[in-house]
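Undergrad: Sequence first, predicted model second:
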Amino acid sequence: MRVHFISIGGAVMHNLALALHKKGYKVSGSDDEIYEPAKSRLANAGILPDEIGWQPQLITNNIDAVVLGMHARKDNPELQKAIALGLKIYSFPEYMYEQTKNKKRIVVGGSHGKTSTTAMILFVLKYYGIDFDYLVGSLIEGFDTMVGISETSQLAVFEGDEYLNSALDPRPKFHFYHTEIGIITGIAWDHINVFPTYENYVEQFEIFIKDLPSSGALIYCADDEEVKKVSEHTPCAARLIPYNTPPHVVENGITYLLLNGNKIPLKVFGNHNLQNMMAAKFACMEAGIAEEQFFEAIQHFKGTAKRLETLKETDTSIVFRDFAHAPSKLKATVNAVKNLHPERTLIAAYELHTYSSLNKAFLPHYAHTMHEADIKAVLFSKHALTMKKMPMLDEHEVAQAFGDGVQVFTDKDELKLFINKHYSGKENILLMSSGTFDGMPTDF
């Protein structure tokens, strides 16, 4: 089988390329930019393009499938040649479905918590030696790639992104997996550059629910009012399985699950992670794992990269990094870290990085999301706004939108000085961004 990737350097695209190469497929690809770690990983596998740029001469009749990345536009010369030759062209989600269409598919959807929930499911399945295909949005411990394809598995677990599929079909990715077991972790307006109204955004989850078969199940967070409303009022042929935050206590910085009179220590914390855990539990039960087996395994789950990841820990302080960007996730993450050690001062910093967060009209959604932090700061890069061709933000308007005494910065060095000024080694620090804080060092 020969597969060519248009935009092979993408985060998930290069992982699929590596998975197919490992499976024995003949893989080629191209891109107009390839950054680390994709560049080194592709080079180590021997499938890094010889040169950067689009190369229509690579598109030939003996290619069995072309996988089109979201980065490629409709006028891409390789895409146009593939169309002219009548080659089979797939988007990334379409190709993942093609590889798994005869398997039971579990898809984790939602505005936040997708990666963590998916990672929990994968961890438990692997703990018990179950064979499965997978797609997850972050590298997780014990897995070499973010995508895995197996010849022998009967099960596939996908993180279901609601972002757009491809230049040829701009519908949300998770519509193309045609899942049997669907999960919705939360609904909070996001990607406003793609979904201009809240109603349009919510509609994507309604479509997801309506597509579930009668043999399947919808696992949904009943603690989220919007999820509960959409899940229980949208016509659905599948079984409905609601879940809630389980009983628990936090003692000396450790979260214990209270189950049948027992206290089960966990390595993750925060109500949102406990909710994710319950979603994962029901998904694993649908895959044939008993409830007691799930709780035996999940005690050992440490989390995923950039999801409340510990960068530094001493007896008196912890520095956390988190991927939080949506207002709901921001608030949940701040609350989780504060409640872990309520006696410690919490220094929280957030970077406006996504199209939604950098949009002036969206800023009011961030009101009081950092309320529980003791010292709080927000960074946005003027250069990023220029690159994204977006109107410039006003620092005072950003501060007013967040409220609660949030300090706003446009220079990473000034933010670093601000944090250092307040950090004595006895406080917790929480750094939240889907980016890198404009390259700010995190060596606190």
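TA: Now that the structure is in, tell me what you want to look at. Residues are numbered from 1 along each chain as shown.
Undergrad: quick one, what contacts the closest residue to Phe176 other than its chain neighbours?
TA: Across the structure, with CB to CB, 6 or more residues apart in numbering as the measure, the residue nearest Phe176 apart from its sequence neighbours is Pro93 (3.7 Å). Every residue, glycine included, has its C-beta placed from N, CA and C. Shown here is Pro93, whose contacts under the criterion CB atoms under 8 Å, 6 or more residues apart in numbering are 165, 173-177.
Undergrad: Can you tell me the element Pro93 falls in?
TA: helix 92-100 (DSSP states H and E).
Undergrad: likewise Met277?
TA: Assigned by DSSP H and E, Met277 belongs to helix 271-286.
Undergrad: thought Lys376 was touching Gln407?
TA: Yes: counting by CB atoms under 8 Å, Lys376 touches Gln407, with 7.0 Å between them.
Undergrad: Neighbour count: these two, which is higher?
TA: Under the neighbour definition other CB atoms under 10 Å, Lys376 and Gln407 were set side by side, and Lys376 has more, 23 against 16.
Undergrad: Am I right that the more buried one sits in a strand?
TA: Yes: using DSSP: H, G, I helix; E, B strand; the rest coil, the secondary structure at Lys376 is a strand.
Undergrad: tell me the contacts of the residue nearest to it when sequence neighbours are not counted?
TA: Computed as CB to CB, 6+ apart, the closest residue to Lys376 that is not its neighbour in sequence is Met370, at 4.4 Å. The neighbourhood of Met370, defined by CB under 8 Å, 6+ apart, consists of 330-331, 334, 348, 350, 376, 402, 404, 406.
Undergrad: Just the buried residues out of these, in ChimeraX syntax.
TA: A single ChimeraX command is used to select the members of the contacts of Met370 judged buried by 16 or more other CB atoms under 10 Å:
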select :330,331,334,348,350,376,402,406
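Undergrad: Closest one to Cys236 out of the contacts of Met370, please.
TA: Distance to Cys236 across the contacts of Met370 (CB to CB) is lowest for Lys331, with 28.7 Å.
Undergrad: which secondary structure elements does the helix holding Met277 contact?
TA: Packed against helix 271-286 by the contact rule (3 or more CB pairs under 8 Å, 6 or more residues apart in numbering; DSSP states H and E) you find strand 104-109, helix 114-127, strand 181-184, strand 217-221, strand 239-243, helix 291-298, helix 327-340.
Undergrad: closest one to Ile318 among those?
TA: Put simply, out of these the one that sits nearest Ile318 is helix 327-340, at 8.0 Å, with distance taken as CB to CB.
Undergrad: Can you tell me which helices and strands the closest one packs against?
TA: helix 271-286, strand 346-352, strand 428-432.
Undergrad: One more pass at 6 Å, please.
TA: Applying 3 or more CB pairs under 6 Å, 6 or more residues apart in numbering; DSSP states H and E, one finds that helix 327-340 contacts no other helix or strand.
Undergrad: Check which residues of the helix holding Pro93 are buried.
TA: Applying a neighbour-count criterion of 16+ other CB under 10 Å, one finds 92-97, 99-100 buried in helix 92-100.
Undergrad: just those now: which is nearest Asn200?
TA: When these are compared against Asn200 (criterion: CB to CB), the nearest one is Pro93, at 19.5 Å.
Undergrad: Model confidence at the closest one, what's the number?
TA: In the prediction, the pLDDT value recorded for Pro93 is 94.
Undergrad: same question, Met387
TA: Met387 is assigned a pLDDT of 84 by the prediction.
Undergrad: what about it, distance to Val147?
TA: Relative to Val147, Met387 is positioned 29 Å away (CB to CB, to the nearest Å).
Undergrad: cool, and Ala38?
TA: Looking at Ala38 against Val147, where the rule is CB to CB, the gap reads 13 Å.
Undergrad: Then Phe123?
TA: As judged by CB to CB, Phe123 and Val147 stand 16 Å apart.
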